[in-house]
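Asker: Next come a sequence and a model predicted from it.
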Amino acid sequence: MSKLLTKKYYDKLSSVYNILDTIEFKEFDYNFDVLKDRLIQIKREQYNVNDRIIIEHFDTDYYDKKILNFGLNLYNTMTIIKELDIPYFIFTFITNYFGLQQEIDLILKDHSREDRPTIIETFITTSHYNSDLVEDLPINAQDIKHAGLSMMGASRSHRYSLYNYLNTNNLLDRVEVSIRGYKG
Amino acid sequence: MTIFYTDPITRVNDKLYLKNGDSNPIHHDVINDAIPGKPNDNSRYQADFYKYFGLDIVTESVFDYPYPFISEKTMRPITSKRPFIILGALGTLTLLKSKGFKTFNTIIDESYDSIADHSDRFDSVTTSIKNFVTQPIEKIRADVESVSDVLEHNFKTYLALEDIELSQLIL
């Protein structure tokens, strides 16, 4: 069962596909043997045209342009599928990364055009989206007391860069910041 | 200077730096006395305290990616009806427009969105931030008021987005 797809999205996919499995990228991106074992279990001799394995790809990847023009984890995933001799067409990748199609095209540049995974690029996931929970709040611009807000969250280099920019430009009295750092 | 916190975290000092192995976390709620409001079940998607702010500076999960990556951080100002600037990958605003959202080029210089060089884009984003947040609060209130139709449009677009996407999905 899907963890990240909304019920409507999953129901739509289920109405068209016979979903063999739904695998979240985070379940295996630190140990690709997990993916390998999972795929071996569901591997079949033959597939029907509507059989699908859903890969929920909603996490960041690793890049080094000196070596690869695509994400390292994505490359590993595609390599394992090939090694197990499972056709790519039975995979549907759902992702909030709007370059996945281009990267898979690069990885499969020498592979048959007839055997490609389906890519759905969307930010409709349970992590991003819940139209039932949000309220139609008034704008009330007169309530504004602070110029800006930045809910940075987990530490990442560009967030530290922005924090340092705000700090060195004396803007932290204009912008409220939330960041997870480390005590100095 | 007010810094407030979300999860079990450690304090960010003025001179910010990472120090691996530091095990002295300080727990703070996202709301403190200076920012009245209360976290609730839907705070991941919408935050009531956004009403006290004129601009959300969204720091997306990635910045130097080749293509846009959209997290819940970009959705929150949309559901909370506040303008935003995105520190994210090249073309993130363009992608949002392709999904039916509108952005804020009448009150914010959004030229950063089309700058491919990451360092130059960072400089452009921070200049836009500085230009906006250093305005008097009265001017910021007026700016937000002036884009109220965009904020309402984006909220409605968010609500309809799932049904629109599913109706267009070709499987």
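Answerer: On my side now, so go ahead. Numbers count the residues shown, from 1 in each chain, chains lettered A, B, ... in the order given.

Asker: what are the phi and psi angles of the residue nearest the centre of chain A?
Answerer: For chain A, the residue nearest the mean C-alpha position is A:F58 (1.8 Å; C-alpha atoms, centre = their mean). Taking degrees, to the nearest 10, you get phi -130, psi 40 for the backbone angles of A:F58.

Asker: Hmm, it is touching A:N96, no?
Answerer: Yes - in terms of C-beta atoms under 8 Å, A:F58 counts as a neighbour of A:N96; the distance is 5.2 Å. Where you see a C-beta, it was placed from the backbone N, CA and C, and this is true even at glycine.

Asker: list the residues that contact both of the two?
Answerer: Counting by C-beta atoms under 8 Å, 6 or more residues apart in numbering or on different chains, the shared contacts of A:F58 and A:N96 are A:T125.

Asker: ends of stretch A:162-179, how far apart?
Answerer: 11 Å (C-alpha to C-alpha, to the nearest Å).

Asker: same question but for stretch A:79-98, I mixed them up
Answerer: Stretch A:79-98 has an end-to-end distance of 21 Å (criterion: C-alpha to C-alpha).

Asker: Could you tell me whether A:D85 really is in a strand?
Answerer: No - using DSSP: H, G, I helix; E, B strand; the rest coil, the secondary structure at A:D85 is coil, not a strand.

Asker: can you pull out the helices in the chain?
Answerer: As the question left the chain open, I've gone with chain A. Remark: helices assigned in chain A by DSSP state H are A:7-16, A:32-42, A:72-83, A:100-107, A:157-168.

Asker: was after chain B, sorry
Answerer: B:72-79, B:92-98, B:118-133, B:137-146, B:148-168.

Asker: Kindly reformat these as TSV containing distance to A:K82 and mean pLDDT.
Answerer: Formatted as TSV, these follow (distance: least, C-beta to C-beta, whole Å; pLDDT from 0 to 100):
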stretch	distance to A:K82	mean pLDDT
helix B:72-79	33	92
helix B:92-98	30	97
helix B:118-133	32	96
helix B:137-146	52	98
helix B:148-168	30	95
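
Asker: highest average neighbour count across those helices?
Answerer: helix B:72-79 (a mean of 23; mean count of other C-beta atoms under 10 Å in any protein chain shown).

Asker: tell me the domain boundaries of chain A?
Answerer: Here the domain assignment for chain A is A:7-121, A:141-179, based on automatic domain parsing.

Asker: To chain B, which of these lies closest?
Answerer: Between chain B and those, the tightest spacing by C-beta to the nearest C-beta is seen for domain A:7-121, at 2.5 Å.

Asker: if we can go back for a sec, which one of the helices of chain B lies nearest to A:M78?
Answerer: helix B:92-98 (23.8 Å; C-beta to C-beta).

Asker: right, and the helices of chain A - which one's nearest B:S167?
Answerer: helix A:7-16 (9.5 Å).

Asker: The closest one and chain B in contact?
Answerer: Yes - using C-beta under 8 Å from any C-beta of the partner chain, helix A:7-16 reaches chain B at A:8-9, A:12-13, A:16.

Asker: just stretch A:44-62 next, same as before
Answerer: Yes - judged by C-beta under 8 Å from any C-beta, stretch A:44-62 comes into contact with chain B through A:T60.
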